[in-house]
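Chemist: Just the structure for this:
(one chain, ligands or ions: 2)
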Amino acid sequence: MNSPTDKNNPETGVKSREERAHHEALSPSSRSVTFGPDTPLKLDAGGELSPFTIAYETYGSLNEDHSNAILVFHALTGDQYAASPSPVTGKPGWWSTMIGPGKPIDTERYFVICSNVLGGCSGSTGPASINPATDKPYGLDLPVITVPDMVRAQTMLVDYLGIDKLFSVIGGSMGGMQAMQWAAAYPERVNSAILIATASHHSSQNIAFYEVGRQAVMADLDWHGGRYYDYDVTPKKGLAVARMAAHVTYMSEQSLQNKFGRNLQNSTEKGFSFDAEFEIESYLHHQGMTFVDRFDANSYLYVTRAMDYFDLAASYDGQLAKAFMGTKARFCVVSFTSDWHFPTSASRTIVHALNAAGASVSFVEIDSDKGHDAFLLEEPEFFDAINGFLHAADRSNDQSGNHDDTEERS
Ligand SMILES: CC(=O)SCCNC(=O)CCNC(=O)[C@H](O)C(C)(C)COP(=O)(O)OP(=O)(O)OC[C@H]1O[C@@H](n2cnc3c(N)ncnc32)[C@H](O)[C@@H]1OP(=O)(O)O
Ligand SMILES: N[C@@H](CCO)C(=O)O
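Modeler: Ligands and ions are numbered 1, 2, ... in the order given. Sure thing, here's the model as predicted:
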């Protein structure tokens, strides 16, 4: 509860400098381009969102017949800064190794678009955005957002950019869910789709991990039922714990062992305390603390929920193959051997459904000990696979029909 002596009390107007800086850092960036359509967006939760904003970045140039556009989707906590430095962290774009001149997604050939998802916190409408009905941040008054909602908003952006058909859609994890949704719901608008470290539905285990994270956020007294914006505080402790738990799922047992083993952080002797004595503890604390500086806690609730709700087969009578029936798009499905968060078995489910639908699909399992987040790292075999697939898709761009060139490599 708010008290008159609270230094962050909205009534006293006294705000901590640290909190003010934090909110400013998370406020929509003026650098990326925003798009706000006149048409309201129909939401799966019911009702419509209007107005709404999508923040996006583009790289490369759109060719004359608008046939070289690649739509890149970010994962859970990503943003539109796929190949340009984040104005919040100052770090290079999260896929700057993948996108650029001469890189697998070659900006000398392709026009690359990446937008912040609806529900996010990097300029697209999310829980921290102003609700026009109250003139205050939405908080939990924003309807729950789904992956199909995110994709529906992206179709409006793609229309606005004058693109009828995308050369490719590509993403990892939740980005792969968006790519699948595009291919299933708008088959005529997708020439090829690259689905990386993803699944056609969130598993029970994945929902469980994200629920642990959400509960950590909501248990933080600074969460204030999602109205923390009014109090100029943020539920940092809860959000940091949520990220720590989630981060473990993004890495493999082997990579944690290789990086940290049982090494102690600052000494050679046990301290018999509950401080972060082990390197792995210190590392996770670092991951948690840096995360709260770049991500909004309510957005974390919304975007994890969108992943939980994703179940492509459920929209097609429980038959995943039906989602892809009749598609002419070429698919590339990529998994990583050490990914236990979105394991290879989840990718195989997608590949089997694509085969059953008579779609053209290549499947590559990359041998990596880096776990789920391997898709964010420069893995040569992975980059070769993306490069090779895009070149092949380029060559057969004018062809149509069903191919079955499923291949497995490991
Ligand atoms: C697709 C998208 O949308 S991307 C979304 C946003 N990005 C992410 O989610 C990436 C988050 N994931 C990561 O950072 C993952 O760790 C990885 C796997 C991608 C990065 O892997 P690596 O390059 O091997 O980095 P690593 O896991 O070792 O982490 C390095 C960081 O940990 C810190 N660190 C390493 N050891 C320790 C330690 N013992 N104590 C404290 N901090 C430590 C480093 O200082 C470095 O910090 P910085 O990132 O602030 O510079
Ligand atoms: N670590 C990435 C991928 C998670 O699936 C993120 O936070 O977006």
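Chemist: only C-alpha atoms for contact and neighbour calcs from this point on.
Modeler: OK.
Chemist: The residue in the stretch 301-410 of the chain that ligand 2 sits nearest to: what's its closest spatial neighbour, skipping adjacent residues?
Modeler: When scored by C-alpha to the nearest ligand atom, the stretch 301-410 of the chain has Asp373 as its residue closest to ligand 2, at 5.6 Å. Distance criterion C-alpha to C-alpha, 6 or more residues apart in numbering; nearest residue to Asp373, sequence neighbours excluded, is Tyr250 at 5.3 Å.
Chemist: Correct me if wrong: the one you found contacts His372.
Modeler: Yes. Between Tyr250 and His372 a contact is recorded at 4.7 Å, counting by C-alpha atoms under 8 Å.
Chemist: what is in contact with those two at once?
Modeler: When contacts are counted by C-alpha atoms under 8 Å, 6 or more residues apart in numbering, Tyr250 and His372 are jointly contacted by 339, 341.
Chemist: what about the residue nearest to Asp373, how many residues close to it?
Modeler: Using other C-alpha atoms under 10 Å, Tyr250 has 18 other residues around it.
Chemist: For ligand 1, what's its nearest residue on the stretch 1-150 of the chain.
Modeler: Scanning the stretch 1-150 of the chain for the residue nearest ligand 1 gives Gly78, at 3.1 Å (criterion: C-alpha to the nearest ligand atom).
Chemist: on that earlier part again, give me the distance between the residue of the stretch 301-410 of the chain closest to ligand 2 and Trp182.
Modeler: Using C-alpha to C-alpha, to the nearest Å, we find Asp373 at a distance of 23 Å from Trp182.
Chemist: And His202, by the same measure?
Modeler: Counting by C-alpha to C-alpha, the gap between His202 and Trp182 amounts to 17 Å.
Chemist: what kind of secondary structure is the closest residue to ligand 1 within the stretch 201-350 of the chain in?
Modeler: Nearest residue of the stretch 201-350 of the chain to ligand 1, counting by C-alpha to the nearest ligand atom: Tyr283, 3.7 Å away. Going by DSSP: H, G, I helix; E, B strand; the rest coil, the secondary structure assigned to Tyr283 is helix.
Chemist: Number of residues surrounding it?
Modeler: A count of nearby residues for Tyr283, using other C-alpha under 10 Å, gives 16.
Chemist: Then Ala183?
Modeler: Here the number of neighbours of Ala183 (other C-alpha under 10 Å) works out to 26.
Chemist: Number the residues from 127 up from this point.
Modeler: In the new count, where the first residue is 127, that last one comes out as Ala309.
Chemist: correct me, but it touches Ile320?
Modeler: No. With contact taken as C-alpha under 8 Å, Ala309 and Ile320 are classed as non-touching, separated by 9.9 Å.
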